[in-house]
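Student: Next input, structure requested:
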Amino acid sequence: MTRRLADQLATNIHHYIADTGMAPGTRLPERTLADHFKVSRSPVREALTRLASQEIVCAHPGGGFAVSDRVAPPAPGAEVEDGQPTTESEQVYMAIAEDRLRGELPDRFTENELMRQYGVTRGQLQAILRRMTQEGWVERLPGHGWMFLPVLTSSETYSQGYRYRLLIEAAGIMEPTFRLDREGLLRCRAQQEELANGGARTASPAALFDANSRLHETIAACSGNSFILDGLRRLDRLRRLMEYRKTVDRDQAERRCREHLTLIDLLLADQREAAADFMRLHLRNAAREKASS
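Tutor: Numbering: from 1, shown residues only. The predicted structure is shown next:
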């Protein structure tokens, strides 16, 4: 492991904490961070140690590290692995997403074409493409070039997606194989509480989507039914860009996060029938709000 990798990863984790609005005290599992940044746990451990020396993270009573109550946002212009400020990278990412939805980008493309069109370096673009690959809406072609994968592009298919979620998500809570992931739900709860307490008013559309889909997929995983979890994950990949395109009503976003807290608390209290009923209500409300945005 090189010093440069640890330095880059420490900066990336700092941005990740800030961009997702993690509350002080939120645990930072090495495995979760390693999966997110597609690295092994060793550089994550070294990066967290460096962040601890800067008081960005602190020791967690249960072991490992957590977000410090003294954490500050990354310095303006602080660079992440691709050498580009996070805000600029997000702008390019969102521009590509919007152009793809408008049909202004072909199914197949090369890095050189996107570099010229969006005025970014190869390193900057490759970091964005890695993110898109992880999210499941582009893939590298054998030999040369890239290809966009299918996504939802019409209001009708978007509505069908919500109707599908109504069929599977509440049912998953009532599966006989349901097993509560308490630690996973508590992590989601800390994030949703931060969003409900003001974070939803400043979070990017991508950060909101990631936090909310993470909660719903965590609940689907509790079902013990791999088809329910796989179906929801596939749908989330398809609907991601449509969600970005929707106008973000900050009041509605905050209210949905409060609904998420109610849903989590019902599950933690083992009130599964009430949680399933609330899931249906929550999804119907979200579908209605999204249809008008």
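
Student: Run a quick neighbour tally on E169.
Tutor: Here the number of neighbours of E169 (other C-beta atoms under 10 Å) works out to 22. Quick note: C-beta positions are derived from backbone N, CA and C, even for glycine.

Student: contacting residues around it?
Tutor: When contacts are counted by C-beta atoms under 8 Å, 6 or more residues apart in numbering, E169 touches 216, 219-220, 228, 232, 279, 283.

Student: host element of the closest residue to T133 other than its chain neighbours?
Tutor: Nearest residue to T133, sequence neighbours excluded (C-beta to C-beta, 6 or more residues apart in numbering): E139, at 6.4 Å. Taking DSSP states H and E as the criterion, E139 maps to strand 138-140.

Student: Now the helix or strand just after that strand: buried residues?
Tutor: Where DSSP H and E defines the elements, the next helix or strand beyond strand 138-140 is strand 146-148. Neighbour counts using 16 or more other C-beta atoms under 10 Å place 146, 148 of strand 146-148 among the buried residues.

Student: and strand 146-148, which strands flank it?
Tutor: Paired strands of strand 146-148, with direction, are strand 108-109 (antiparallel), strand 138-140 (antiparallel) (DSSP bridges).

Student: could you point out which element follows it?
Tutor: helix 155-173.

Student: can you pull the buried residues of the helix or strand following that next one?
Tutor: As assigned by DSSP H and E, the chain's next helix or strand after helix 155-173 is helix 182-196. For helix 182-196, a neighbour-count test (16+ other C-beta under 10 Å) marks 184-185, 187-196 as buried.

Student: can I get those residues in TSV with distance to E156 and pLDDT?
Tutor: Output for the buried residues of helix 182-196, formatted as TSV (distance: C-beta to C-beta, whole Å; pLDDT from 0 to 100):
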residue	distance to E156	pLDDT
G184	33	92
L185	33	95
R187	35	92
C188	30	93
R189	34	94
A190	36	93
Q191	32	91
Q192	30	94
E193	35	93
E194	34	90
L195	29	92
A196	31	93
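
Student: if we can go back for a sec, mean pLDDT lowest where, among the strands paired with strand 146-148?
Tutor: In terms of average pLDDT, strand 138-140 trails the rest of the strands paired with strand 146-148, at a mean of 91.

Student: Distance from that strand to the middle of the chain?
Tutor: Counting by C-alpha atoms, centre = their mean, to the nearest Å, strand 138-140 is centred 19 Å from the centre of its parent chain.

Student: do stretch 211-221 as well
Tutor: Averaging C-alpha positions (C-alpha atoms, centre = their mean) puts stretch 211-221 10 Å from its chain's average.

Student: related to what we said a few turns ago, show me the residues around the residue nearest to T133 that make contact.
Tutor: For E139, the contacting residues are 133, 146-147, 149, by C-beta under 8 Å, 6+ apart.

Student: before we move on, the earlier item: tell me which two in the contacts of E169 are the farthest apart.
Tutor: I228 and L283 (14.0 Å; C-beta to C-beta).

Student: who has more neighbours, those two?
Tutor: Legend: neighbour count by other C-beta under 10 Å for I228 and L283, higher for I228 (22 against 19).

Student: Doesn't the more buried one lie inside a helix?
Tutor: Yes. Under DSSP: H, G, I helix; E, B strand; the rest coil, I228 sits within a helix.

Student: Model confidence score at it, please.
Tutor: For I228, the model assigns a pLDDT of 96.

Student: Please, which helix or strand holds the spatially most central residue of the chain?
Tutor: The C-alpha lying nearest the average C-alpha coordinate of the chain belongs to D210 (C-alpha atoms, centre = their mean; 2.1 Å). Applying DSSP H and E as the criterion places D210 in helix 205-222.

Student: now do A66
Tutor: For A66, the element it lies in under DSSP H and E is strand 65-67.

Student: Next SSE downstream of that strand?
Tutor: helix 86-101.

Student: and that following helix, what's its mean pLDDT?
Tutor: Average pLDDT, helix 86-101: 79.

Student: now do stretch 142-157
Tutor: Averaging pLDDT along stretch 142-157 gives 84.

Student: Name the helix or strand of the chain that has the lowest mean pLDDT.
Tutor: For the chain, using mean pLDDT, DSSP states H and E, the weakest element among its helices and strands is helix 3-19, scoring a mean of 75.
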